[in-house]
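A.B. asks: Got a sequence here, can you model it:
(4 chains)
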There are 2 protein chains.
Amino acid sequence: MTAPRLLDVAEAAGVSRATASRVLAGTPRNVDPELARRVEEAARRLGYQANHSARALRTGTTGTIGVVVPTLANPYFVQLADAIAQHVRAAGGTLMVSDAANDPAIEAEQIDTLLGGRVDGLFVVPVSANESGPAIRHAAARRPVVLFDRWAKGSGTVAVTLDNAAAVRLLVEHLEQTGRHRIALVAADQASSSGAERLAAFTELQGDGATTVLLPNFTTDAGRTAGRRIVEQRDRIDAVVCGADVLAVGLVSTLHRSSVAVPGKIAVTGFDDTEILELFDPPITSIRHPLSAMAERALTLLQAPSRERTERVERFQPQLVVRASTDTGSGS
Amino acid sequence: MTAPRLLDVAEAAGVSRATASRVLAGTPRNVDPELARRVEEAARRLGYQANHSARALRTGTTGTIGVVVPTLANPYFVQLADAIAQHVRAAGGTLMVSDAANDPAIEAEQIDTLLGGRVDGLFVVPVSANESGPAIRHAAARRPVVLFDRWAKGSGTVAVTLDNAAAVRLLVEHLEQTGRHRIALVAADQASSSGAERLAAFTELQGDGATTVLLPNFTTDAGRTAGRRIVEQRDRIDAVVCGADVLAVGLVSTLHRSSVAVPGKIAVTGFDDTEILELFDPPITSIRHPLSAMAERALTLLQAPSRERTERVERFQPQLVVRASTDTGSGS
DNA sequence: CTCCTTTGGGAGATCGATTTCCGACATGCT
DNA sequence: AGCATGTCGGAAATCGATCTCCCAAAGGAG
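C.D. replies: The predicted structure follows:
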């Protein structure tokens, strides 16, 4: 009950392995239609499926692309992986997703595993702007690598990201237009390029006196901690910009329990526009990434000759999605 | 700048390929410590990493295990995949996660892709109890396959699942003990074994007159639809058991907007104990799966001789996690 | 000192599909 | 008819690591 090989198909069809291969792998070479039919028929009858390892060994290509995300516990990265998967699938490939558990060491390990011949190319959403660089540079020397959503110093390759400064500007302008002027920032994960950029953009807009709450990472738990601090300062603040949806969600929940009205007393915004936002009461204003366009561009870069992947950052424009959490004060 | 091969390492160390392989792949054969040292050293210096395809072709084993989940958009399946990943990693393997987009056709395609020589074995969380069977049976004939969390008719293999009936019983008993006697069920995805079992268990406990709201799938959107129907019947109900956390979350949000107090007027329970539950106000009572123990058992079965994977269902006991959404009526 | 056992290491076969190279045959043209 | 052109299919090389043989050298026994 061992799996049928190409040889079995060839014998069943009465041709050589070479001919069978030409028919099944679709080499540009013409094959007599009658023989082709016999081969197809034999392959179907035997339930033949080419041995992936053998093909990969011979052709040096696996048809698989990998993506390493910081963590799948954040639904944003699930959405991101899904957007990439759509485009990879459309191009006839398979996507392999890895979770780095928010740890640069595990990230490096995952990259190594994938590059051990399992993938033709790799997307990485680096955990850390400073610490992820070396492992990525090493990987990029062996296979095409494109960074996505975040960049890393010394990575030696191109990054396709969001224009985070523009996103923060959109949020702050929107809040000011709705009459909020004492805006605080809840930022997390400053080790990541996106976290750092959002913080920097906010500080630049608001000056050094701006209220900021810094947290180690993007988790809902961190969001709750932030909530407690914001509650303490409730009278000096009328809006909070959160660096991630998961933070906003935790924050709103905490404000709620402390009977601080949202958006009545404090307006709240998220970042990433994940699906859970719509479930909250009130639904939360956020920033949407053009993930599909970014994924398309990233895939193009991955398949381009390596000279087009010089270390740099390409930025896409964010879109503001307004929801009830930023309605003008003392609403309904 | 081509990658170093075993031959390169062997030459650099002044030994044959065979010896280099024995050292690096750790064959039980003894090798002179001095030679071993030279090989290790050369491998490190050249940055050698074995070609995965070549090794897989020769040994017939990939060191990779796959898991196909219905959708990663439901955080429960992310948790589930993570639990499996922990155990696979601990055993020295790699896990490849695939998303079936809740569609049996895509599921079959993903299974086929993975089985084309990419994995040694496969876990599947079947999308449908009726429609997923054939593709799984076909897969199980070629490689070890173990179903996880859900089963499928005619799969021809073993399933490691939760005792859903016991879980529903835990929830209903808990609600009755806190004084709720007019309990409704919001169930989704009856096509899946878990959805069907939860509905059946509830109907059996409550009789045919029981109020049930059936929805096509486990999404937050479906949860909101259910919310509207529950609101309409608010006076005939004092508790709602939801077949999934994502449903409960959407439901609570809707009740909230309609000013129906939770748990004051209606108590709500979820299912799966995902992390988002704690973020809600009130936090939602749910059922926790012993995922780690289930994953361990499933992995053992996957690696056992095929005669131990006869078609059957093994059930694990659920645990009730009580939170504020089921506090006794007219609380605080 | 010789013979036998043990141990370590190398040559080459092998896994299965792809692909190059070449020969056989048919067709078209002069 | 003879030659050039082109098409098609098969034999064999190839990808890189592993593993089976088998030979050589070293150590031990008599």
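
A.B. asks: Now do the helices in chain A.
C.D. replies: For chain A, the helices defined by DSSP state H cover A:6-13, A:17-25, A:33-46, A:52-59, A:75-90, A:104-115, A:133-142, A:164-177, A:193-206, A:220-232, A:245-257, A:291-303.

A.B. asks: The third one vs DNA strand D: in contact?
C.D. replies: Yes: using C-beta under 7 Å from any atom of the strand, helix A:33-46 reaches DNA strand D at residue A:35. Using the backbone N, CA and C atoms, a C-beta is placed for each residue, glycine as well.

A.B. asks: which parts of that helix are buried?
C.D. replies: Neighbour counts over helix A:33-46 (16 or more other C-beta atoms under 10 Å in any protein chain shown) mark A:35, A:36, A:38, A:39, A:40, A:42, A:43 as buried.

A.B. asks: With stretch A:8-27 instead?
C.D. replies: Buried, per 16+ other C-beta under 10 Å, within stretch A:8-27: A:8, A:9, A:10, A:12, A:13, A:15, A:19, A:20, A:21, A:22, A:23, A:24.

A.B. asks: Chain neighbours aside, what residue packs nearest to residue A:84?
C.D. replies: Spatial nearest neighbour of residue A:84, chain neighbours left out: residue A:295 (4.6 Å); criterion: C-beta to C-beta, 6 or more residues apart in numbering or on different chains.

A.B. asks: Over to residue A:54?
C.D. replies: Excluding the flanking residues, the one nearest residue A:54 by C-beta to C-beta, 6+ apart is residue B:57, at 5.2 Å.

A.B. asks: Count the residues that sit near that neighbour.
C.D. replies: For residue B:57, the count of nearby residues is 19 (other C-beta atoms under 10 Å in any protein chain shown).

A.B. asks: next one: residue A:225
C.D. replies: If we define neighbours as other C-beta under 10 Å, then residue A:225 has 19 of them.

A.B. asks: Give me the nearest residue to it, chain neighbours excluded.
C.D. replies: Distances taken as C-beta to C-beta, 6+ apart put residue A:215 closest to residue A:225, at 6.4 Å, once the chain neighbours are dropped.

A.B. asks: With residue A:172 instead?
C.D. replies: Leaving aside its sequence neighbours, residue A:172 sits nearest to residue A:205 (C-beta to C-beta, 6+ apart; 5.5 Å).

A.B. asks: Tell me how far the residue lying closest to residue A:10 once chain neighbours are set aside lies from DNA strand C.
C.D. replies: Residue nearest to residue A:10 in three dimensions, not counting chain neighbours: residue A:20, with 4.0 Å by C-beta to C-beta, 6+ apart. With distances taken as C-beta to the nearest atom of the strand, to the nearest Å, residue A:20 is found 7 Å from DNA strand C.

A.B. asks: Equivalent analysis for residue A:222, please.
C.D. replies: According to C-beta to the nearest atom of the strand, residue A:222 and DNA strand C sit 49 Å apart.

A.B. asks: How about the contacts made by that residue?
C.D. replies: Residue A:222 makes contact with A:188, A:215, A:216, A:247, A:250, according to C-beta atoms under 8 Å, 6 or more residues apart in numbering or on different chains.

A.B. asks: Now tabulate the residues you listed in TSV and tack on pLDDT, distance to DNA strand C and neighbour count.
C.D. replies: Converted to TSV, those look like this (pLDDT from 0 to 100; distance: C-beta to the nearest atom of the strand, whole Å; neighbours: other C-beta atoms under 10 Å in any protein chain shown):
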residue	pLDDT	distance to DNA strand C	neighbour count
A:188	83	47	25
A:215	81	51	23
A:216	73	48	13
A:247	87	48	33
A:250	84	50	26
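
A.B. asks: List phi and psi for residue A:154.
C.D. replies: Note on residue A:154: its backbone torsions stand at phi 70, psi 20 [degrees, to the nearest 10].

A.B. asks: Chain neighbours aside, what residue packs nearest to it?
C.D. replies: Among residues not flanking residue A:154 along the chain, residue A:133 sits closest, at 3.7 Å (C-beta to C-beta, 6+ apart).

A.B. asks: Quick check, the one you found in contact with residue A:151.
C.D. replies: No: the pair residue A:133 / residue A:151 is not scored as a contact, 9.3 Å apart, by C-beta atoms under 8 Å.

A.B. asks: Please enumerate the shared neighbours of those two.
C.D. replies: Residues touching both residue A:133 and residue A:151 by C-beta under 8 Å, 6+ apart: residue A:126.

A.B. asks: more neighbours, the two?
C.D. replies: Per other C-beta under 10 Å, whichever of residue A:133 and residue A:151 has more neighbours is residue A:151, with 27 against 19.

A.B. asks: Give me the helix or strand of chain A that scores worst on average pLDDT.
C.D. replies: Taking mean pLDDT, DSSP states H and E as the measure, chain A has helix A:220-232 as its least confident helix or strand, at a mean of 79.

A.B. asks: what's the angle between that helix and helix A:245-257?
C.D. replies: Counting by axes from the mean of the first three to the mean of the last three C-alpha atoms, to 10 degrees, helix A:220-232 lies at 40 degrees to helix A:245-257.

A.B. asks: how far out from the middle of the chain is helix A:220-232?
C.D. replies: Mean C-alpha position of helix A:220-232 versus that of the full chain (C-alpha atoms, centre = their mean, to the nearest Å) differs by 26 Å.

A.B. asks: related to what we said a few turns ago, per-stretch mean pLDDT over the helices of chain A, give me the minimum one.
C.D. replies: Mean pLDDT per stretch puts helix A:220-232 lowest among these, at a mean of 79.

A.B. asks: The residue lying closest to residue A:7 once chain neighbours are set aside: what's it in contact with?
C.D. replies: Of all residues not flanking residue A:7 in the chain, residue A:17 sits nearest, at 5.6 Å (C-beta to C-beta, 6+ apart). By C-beta under 8 Å, 6+ apart, the contact set of residue A:17 is A:6, A:7, A:10.

A.B. asks: Out of the residues you listed, flag the one nearest to residue A:201.
C.D. replies: Residue A:201 lies nearest to residue A:6 out of these, by C-beta to C-beta, at 57.1 Å.

A.B. asks: Could you measure from the closest one over to residue A:26?
C.D. replies: Using C-beta to C-beta, to the nearest Å, residue A:6 is found at 14 Å from residue A:26.

A.B. asks: rewinding a little: farthest-separated two in the buried residues of helix A:33-46?
C.D. replies: Farthest pair in these, by C-beta to C-beta: A:35 and A:43, 12.5 Å.

A.B. asks: Near DNA strand C, which residues of chain A? Just list them.
C.D. replies: Counting by C-beta under 7 Å from any atom of the strand, chain A sits next to DNA strand C at A:2, A:5-7, A:17-18, A:21-22, A:24-25, A:27, A:48, A:50-51, A:54-55, A:57-59.

A.B. asks: CA-only coordinates of stretch A:67-79 in CSV, if you can.
C.D. replies: This file holds the C-alpha atoms of stretch A:67-79, laid out as CSV (Å, rounded to 0.1, in the frame of the first residue of the first chain):
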residue,chain,number,x,y,z
VAL,A,67,5.6,34.3,7.2
VAL,A,68,6.8,34.9,10.7
VAL,A,69,4.5,37.0,12.9
PRO,A,70,5.1,38.3,16.4
THR,A,71,2.1,36.4,17.8
LEU,A,72,-1.2,35.0,16.5
ALA,A,73,-2.8,36.0,19.8
ASN,A,74,-3.2,39.4,18.4
PRO,A,75,-6.0,39.2,15.8
TYR,A,76,-4.4,41.9,13.8
PHE,A,77,-1.5,39.6,12.8
VAL,A,78,-4.0,36.9,11.9
GLN,A,79,-5.7,39.3,9.5
